[in-house]
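Novice: How does the following fold in three dimensions:
(one chain, ligands or ions: 1)
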Amino acid sequence: MRYEKDIVFYISNTIIEKIDTCIKLASPNEASGFILGNIQEINNNNGDFSYNYYSVSFHCIKSSTGSTVSFLLDNDQKILELSDHLMKNENLKLIAILHSHPSGTTPSSTDKLNMKYYHNSGLKKFTHLIWIIVDSRNNEMNGFIYLSNKLTQINLILSAYE
Ligand SMILES: [Zn+2]
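Specialist: Below is the predicted model of the structure:
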């Protein structure tokens, strides 16, 4: 898979704890949620840009329908509706959609279809969206983005920052 080191996504310890709680609450189903925050574009002066994503808040999405993940990820209207509401409240951008897998952090074929679909949806909100997949056994996570119509792994950094 292609790897883009110039897209760096920072997740703070506070958010990691919230993700952990969300996964426990959803168990045995897969968990999902939104990360809101800010994106900083840096011009490296040689025509190159790098992007830093700073996560500010995490919202665990609860579902009444059993499988949270398909409830959310297959439903662009639901994503728009929920994230619009949160963004208005917090004045932040939707920067990532997160979901868990029972094992591993590799995007499934359904995940790949969803990512491609949202990337090509023409909605600006989805163009720079990061997809984070968490392994619910050990909370390992990886981030992905659709770039130039290719699935690309990004540089996900789990750390404390203010
Ligand atoms: Zn998945």
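
Novice: What distance do you get for the residue in the chain positioned nearest to the ion to residue 105?
Specialist: With C-beta to the ion as the measure, residue 111 is the residue of the chain nearest to the ion, at 4.1 Å. Any C-beta I mention is one placed from the backbone N, CA and C, and that applies to glycine too. Residue 111 sits 10 Å away from residue 105, going by C-beta to C-beta, to the nearest Å.

Novice: Between those two, which contacts overlap?
Specialist: residue 133 (C-beta atoms under 8 Å, 6 or more residues apart in numbering).

Novice: just to revisit the earlier point, would the residue of the chain closest to the ion count as being in a strand?
Specialist: No - if the criterion is DSSP: H, G, I helix; E, B strand; the rest coil, then residue 111 is helix and not within a strand.

Novice: so it makes contact with residue 131?
Specialist: Yes - counting by C-beta atoms under 8 Å, residue 131 is a contact partner of residue 111 at 6.9 Å.

Novice: out of those two, which sits in the busier spot?
Specialist: Taking neighbours as other C-beta atoms under 10 Å, residue 111 and residue 131 compare with residue 131 leading, 23 against 18.
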